[in-house]
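Colleague: Coordinates only, no sequence provided:
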Ligand SMILES: O=C(O)CCC(=O)C(=O)O
Ligand SMILES: [Fe+2]
């Protein structure tokens, strides 16, 4: 019988550069972590401390901007769900998330507006902040490369060709990152930093400000605390990876509890996703793994689509009802005023 874990497993990516035994050990640990928990700490990833420190300096500088400068790049102005969301502007499970954030995604020329998910493509709203764009672009590039390396390792571990996922990610990958600030809770009540959810995409590389707890991951009917670990990303798979593996790999519920009064918590999730219109390829699993694949979660309130854009627009409309109402009333079923 599998034992219930009390902390997330650690996977060491530097083993990939070792000998055959090391590589086999790496793949085994990657597979076990994402089959059993869906979340793990990734160390040995090669993104150095100076780069991570510079990113957090940039995050702090952004949130320290005067309110007017943040509202200049407010997401409400963007039909593409890019830009700044104030406290209270985002919802999970119908309840307010107590966090402020800026969403920055890959920028490609528009391919149209029908199907509706094509509207997710477009420009970012870049704040007036020296060096911001360079630091963010550099981070996106590094995480994109790391994401692709991980996808190839998963493909090998799952008994298929290393390049199995490459096509879905080669053209216009829909990478998205958020800079997030959770304020301390002002009253004794436990507050929702971000409510319990699964990530709608393929893979998330999350960097948490050193020393800051609050992230919890569902496991065996309870919650595991996932505080940051020195030099590690917290990595989790999203709904599309569950779809690709017929549920052998799990997209796992997680949430963030607001930090204690008088403190704050910063984090930078990076979501690695295929092109909006790409159908997520599904692996024909080897028999021993297939025997342990329960199928994709069937939740009528949260249907999983194999087309990434469909899955993503569903999540965006739900999380940002004000942006949806202003720019996409046709997609939420509201009526547009007519003369
Ligand atoms: O801030 C965190 O630690 C997690 C954020 C998260 O789960 C998300 O934005 O999807
Ligand atoms: Fe998440």
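Modeller: Perfect, thanks for sending it. This structure is a prediction, so every number in the text was calculated from the model and none was measured. Ligands and ions are numbered 1, 2, ... in the order given.
Colleague: closest point of the stretch 151-300 of the chain to ligand 1, which residue?
Modeller: Residue of the stretch 151-300 of the chain nearest ligand 1, by Cβ to the nearest ligand atom: residue 267 (3.4 Å). C-beta here means a position set from N, CA and C on the backbone, and glycine is covered the same way.
Colleague: I'd assumed residue 213 was in contact with that residue.
Modeller: No: look at residue 267 against residue 213 with Cβ atoms under 8 Å: they stay out of range, at 11.3 Å.
Colleague: pLDDT score for residue 235?
Modeller: At residue 235, the predicted lDDT confidence score is 98.
Colleague: Between residue 267 and residue 213, which has more neighbouring residues?
Modeller: Each of residue 267 and residue 213 has its neighbours counted (other Cβ atoms under 10 Å); residue 267 has more, 25 against 15.
Colleague: In three-state terms, label the more buried one for me.
Modeller: strand (DSSP: H, G, I helix; E, B strand; the rest coil).
Colleague: give me every residue that touches residue 168.
Modeller: 274-275, 278-281, 308 (Cβ atoms under 8 Å, 6 or more residues apart in numbering).
Colleague: The residues you listed in helices, which ones?
Modeller: Judged by DSSP state H, the subset of these located in helices is residue 308.
Colleague: What remains of the contacts of residue 168 if I keep only buried residues?
Modeller: 274-275, 278, 280-281, 308 (16 or more other Cβ atoms under 10 Å).
Colleague: The residue lying closest to residue 321 once chain neighbours are set aside and ligand 1: what is the separation?
Modeller: Computed as Cβ to Cβ, 6 or more residues apart in numbering, the closest residue to residue 321 that is not its neighbour in sequence is residue 91, at 6.5 Å. Per Cβ to the nearest ligand atom, to the nearest Å, residue 91 is found 13 Å from ligand 1.
Colleague: so residue 91 touches residue 317, yeah?
Modeller: No: the pair residue 91 / residue 317 is not scored as a contact, 10.7 Å apart, by Cβ under 8 Å.
Colleague: and the two most separated of the contacts of residue 168?
Modeller: 275 and 281 (12.2 Å; Cβ to Cβ).
Colleague: for ligand 1, what are the nearby residues on this structure?
Modeller: 178, 180, 194, 199, 206, 208, 215, 254, 256, 267, 269 (Cβ under 6 Å from any ligand atom).
Colleague: Going by residue numbers, what spans are strands in this protein?
Modeller: 10-12, 39-43, 83-85, 91-92, 95-96, 100-105, 176-183, 192-197, 203-208, 215-219, 222-225, 233-237, 254-257, 264-272 (DSSP state E).
Colleague: Least confident of these, on average?
Modeller: Among the strands of the chain, strand 91-92 carries the lowest mean pLDDT (a mean of 82).
Colleague: partners of that strand in the sheet?
Modeller: Using DSSP bridges, strand 91-92 pairs in its sheet with strand 95-96 (antiparallel).
Colleague: Can you tell me what sits against the strand it pairs with?
Modeller: Under Cβ under 8 Å, 6+ apart, the answer for strand 95-96 is 88, 90, 192, 195.
Colleague: let's see 7 Å
Modeller: Defining contact as Cβ atoms under 7 Å, 6 or more residues apart in numbering, one finds that strand 95-96 is touched by 88, 192, 195.
Colleague: Same question for stretch 106-123.
Modeller: 79-82, 124, 172-175, 276, 309-310, 312-313, 316, 328, 331.
Colleague: Swap in 6 Å and give it another go.
Modeller: Contacts with stretch 106-123, where a contact means Cβ atoms under 6 Å, 6 or more residues apart in numbering, come from 79-80, 124, 172, 175, 276, 309-310, 313, 331.
Colleague: And it, end to end?
Modeller: 8 Å (Cα to Cα, to the nearest Å).
Colleague: from the chain's centre, how far out does stretch 116-125 sit?
Modeller: Distance of stretch 116-125 from the chain centroid (Cα atoms, centre = their mean, to the nearest Å) equals 17 Å.
Colleague: residues of it that come out buried?
Modeller: Neighbour counts using 16+ other Cβ under 10 Å place 117-122, 124-125 of stretch 116-125 among the buried residues.
Colleague: JSON lines for those residues, including distance to residue 30?
Modeller: JSON lines is the format used below for the buried residues of stretch 116-125 (distance: Cβ to Cβ, whole Å):
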{"residue": "117", "distance to residue 30": "30"}
{"residue": "118", "distance to residue 30": "33"}
{"residue": "119", "distance to residue 30": "35"}
{"residue": "120", "distance to residue 30": "29"}
{"residue": "121", "distance to residue 30": "31"}
{"residue": "122", "distance to residue 30": "34"}
{"residue": "124", "distance to residue 30": "32"}
{"residue": "125", "distance to residue 30": "36"}
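Colleague: Not counting sequence-adjacent ones, nearest residue to residue 159?
Modeller: residue 286 (4.1 Å).
Colleague: Go through stretch 75-93 and flag the buried ones.
Modeller: For stretch 75-93, using 16+ other Cβ under 10 Å, the buried residues are 75-85, 89-92.
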